[in-house]
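1. this one's structure only:
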């Protein structure tokens with residue numbers, strides 16, 4: 001995996017993942033296999049803990065918890081505090097998860113085909129209920145990503 005270097009001004013992020021210095025001050029994270037992980041020339045198998053969804057809408061949050069538990073564990077309280085700071089609701093978009101990873105100091109690049117809301121999702125059942133109220137919020141997150149030290153790239 002590639003190691004991302006923080007952009008100038010993004011090295012130490014205030015108000016990150018919780019108290020006591022918090023995960024936001026952690027060094028840049030690389031995905032290096034540890035002892036229980038398996039590494040071959042064709043395969044990297046990581047010993048990532050399984051965390052199940054609690055609701056039908058929180059698959060991204062469950063995946064984020066798994067990543068965080070593998071890279072540098074955070075408590076449930078720290079995780080919930082970060083979600084509260086980011087004002088998450090039952091409508092969590094991928095850009096929200098990029099901001100969440102930034103809150104915990106996880107260096108990453110969010111690659112997407114659409115910088116903003118893809119209007120094609122408007123009529124999909126999962127998005128239909130919240131689409132109209134979420135469109136402006138999500139587009140604003142994309143617009144503010146660089147200033148918020150969230151690395152987003154259109155591909």
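-> The structure has been received and is ready for your questions. This structure is a prediction, so every number in the text was calculated from the model and none was measured. Residues are numbered from 1 along each chain as shown.
2. Strands along the protein, start to end?
-> 38-39, 44-45, 110-112, 152-154 (DSSP state E).
3. Determine which stretch of those strands is the most buried.
-> strand 110-112 (a mean of 14; mean count of other C-beta atoms under 10 Å). C-betas here are computed from N, CA, C, even on glycine.
4. That strand pairs with which strands, parallel or anti?
-> strand 152-154 (parallel) (DSSP bridges).
5. surely residue 64 meets residue 102?
-> No. Checked against C-beta atoms under 8 Å, the pair residue 64 and residue 102 is beyond contact range at 11.5 Å.
6. Which pLDDT value goes with residue 18?
-> With respect to pLDDT, residue 18 scores 35.
7. What of residue 33?
-> pLDDT at residue 33 comes out at 50.
8. How many residues are close by the residue nearest to residue 110 when sequence neighbours are not counted?
-> Excluding its sequence neighbours, the residue lying closest to residue 110 (C-beta to C-beta, 6 or more residues apart in numbering) is residue 98, at 4.0 Å. Residue 98 has 23 neighbouring residues, counting by other C-beta atoms under 10 Å.
9. Residue 98 reaches residue 111, doesn't it?
-> No. Judged on C-beta under 8 Å, residue 98 makes no contact with residue 111 at a distance of 10.1 Å.
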